[in-house]
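**Q** From the sequence below, what's the structure:
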Amino acid sequence: MTVSRIVIMLRIAIGLIFLVAAIGKLNDPAKFLSAVYGYELVGPTTGLLTAITLPALEAVIGALLVTGTWRFSASLAATTLAVLFVVAQAMAISNGVRADCGCVALFGPSALSQATLGRAVLLLSVCVSLVLLEWRAELNASSGRSAA
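**A** Now for the predicted structure:
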């Protein structure tokens, strides 16, 4: 399997994760707003702004990744969000917060835990790998070499 195929598979997988997460939040915005407030990290205005913008941002980033549009920028944006997810979960867990994680809810609600933090760290790791691979592809393209 070539590096370019691995990059495409990673990009689509991460994109689908972001799209599924966005759809879940958009389908039940009140529940997601409650999850944002449950982290006890932001006030009402910032929490509302987060609950409004994050699902849309996840949907746009997911769509860009799946379609392969602005690949490096989209992978960097996904990595930035993944960093925020890890930091927010780590801070909430360390503060003893017991709340719904507001994560991808494929199998129902999920309370903040070491497991949800581990999934967020795994997502971050894959996103960082994608950024590095996309950066390599950008460098190779600019020098006229193949990324494979």
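**Q** Tell me which residues of the helix ranked longest in the chain come out buried.
**A** Longest helix of the chain, by residue count under DSSP state H: helix 114-143. Neighbour-count burial for helix 114-143, with 16 or more other C-beta atoms under 10 Å as criterion, is recorded at 116-117, 119-120, 123-124, 126-131, 133-134, 137. All C-beta spots, glycine's among them, are computed from the backbone N, C-alpha and C.
**Q** Quick check: which ranges of the protein have low pLDDT?
**A** By pLDDT under 70, the low-scoring segments of the chain are 105-109, 145-148.
**Q** hey, where'd the strands end up in it?
**A** Read by DSSP state E, the chain holds no strands at all.
**Q** tell me the centre residue of the protein?
**A** Ala82 (4.5 Å; C-alpha atoms, centre = their mean).
**Q** Does it touch Leu122 like I think?
**A** No - contact between Ala82 and Leu122 fails when scored by C-beta atoms under 8 Å: they sit 9.4 Å apart.
**Q** Kindly tell me how buried Thr2 is, as a neighbour count.
**A** For Thr2, the neighbour count with other C-beta atoms under 10 Å is 10.
**Q** Please read the previous query as pertaining to Ile93.
**A** 18.
**Q** contacting residues for the residue nearest to it when sequence neighbours are not counted?
**A** Spatial nearest neighbour of Ile93, chain neighbours left out: Leu112 (5.7 Å); criterion: C-beta to C-beta, 6 or more residues apart in numbering. By C-beta atoms under 8 Å, 6 or more residues apart in numbering, the contact list for Leu112 reads 39, 89, 92-93, 97-101.
**Q** Redo those residues as TSV? Include distance to Pro55.
**A** Converted to TSV, those look like this (distance: C-beta to C-beta, whole Å):
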residue	distance to Pro55
Tyr39	16
Gln89	17
Ala92	19
Ile93	23
Val97	21
Arg98	23
Ala99	18
Asp100	15
Cys101	15
